[in-house]
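Visitor: this one's sequence-less:
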């Protein structure tokens, strides 16, 4: 309709009408583009809000898992020190000088051991089990993986938050890599030595027999010391990741506990 009117006005050499028709066309196109942009921005806002809500849910679950891991490592550290001390050897240093995941080797840095957990004599026949096994991390990052695969993380208005979330999940990957490598190797080595002594790493063992084996077998004692040092570092890394999770959660919708 506008085109037909424009052509008629051109034939009639009605230049004022031509100008008006041209302005109407330009304004119409501009409004159409703006409406399209507004709709796209609104859709991005809805997607962003959904992603942030899902991230908040998953990070809350991850914080619970990290807390449980830290508790398990505190128990491991507690019972290993108890077993080694009762075996008559020098108690292990309450620190680790191992290199943290994704960092340069720094033998001058010391990672302090966490506080002991209360233990009872009734549990002593399970100390070897507690000392060998600790819960590993079960990641919940399906939302972040979706953000990565779709590129939708660019829709976050807060670029600093987007970067911090990316760094947080990179640190989660480092934690999992450490657990699947160094930590698993230390645990498997201790498990193998324990089995050679006829112990069940998954259940109950005579505490007195475990202590006797530690007194007689330096390899058994050394493997537990290695697991002790790994667990101190692991606890430190988990605590660091947990602090990052809590800081991010506080910036997400309904993130405050």
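Guide: Cool, got the structure. Note that this is a predicted model, so its numbers are computed, not measured.
Visitor: going forward, measure contacts between C-alpha atoms and count neighbours the same way
Guide: OK.
Visitor: what residues are up against the nearest residue to residue 94 once chain neighbours are set aside?
Guide: Setting aside the residues directly before and after it, residue 94 is nearest to residue 113 in space (C-alpha to C-alpha, 6 or more residues apart in numbering), at 5.1 Å. Going by C-alpha atoms under 8 Å, 6 or more residues apart in numbering, residue 113 touches 77, 94, 95, 96, 232.
Visitor: among those residues, which are in helices?
Guide: 77, 232 (DSSP state H).
Visitor: name the member of the contacts of residue 113 with the most neighbours.
Guide: Neighbour counts for the contacts of residue 113 peak at residue 77, which has 30 neighbours (criterion: other C-alpha atoms under 10 Å).
Visitor: ok, the residue lying closest to that one once chain neighbours are set aside - how many residues close by?
Guide: For residue 77, ignoring the flanking residues on the chain, the nearest one in space by C-alpha to C-alpha, 6+ apart is residue 228 at 5.7 Å. For residue 228, the neighbour count with other C-alpha under 10 Å is 30.
Visitor: let me know the helix or strand that the residue lying closest to residue 78 once chain neighbours are set aside is in.
Guide: Leaving out its chain neighbours, the residue that sits closest to residue 78 by C-alpha to C-alpha, 6+ apart is residue 116, at 5.2 Å. Secondary structure from DSSP states H and E places residue 116 outside every helix and strand.
Visitor: next: residue 46.
Guide: Here residue 46 is assigned to helix 15-86, by DSSP H and E.
Visitor: show me where pLDDT drops low in the stretch 101-250 of the chain?
Guide: The stretch 101-250 of the chain contains residues with pLDDT under 70 at 101-109, 139-140.
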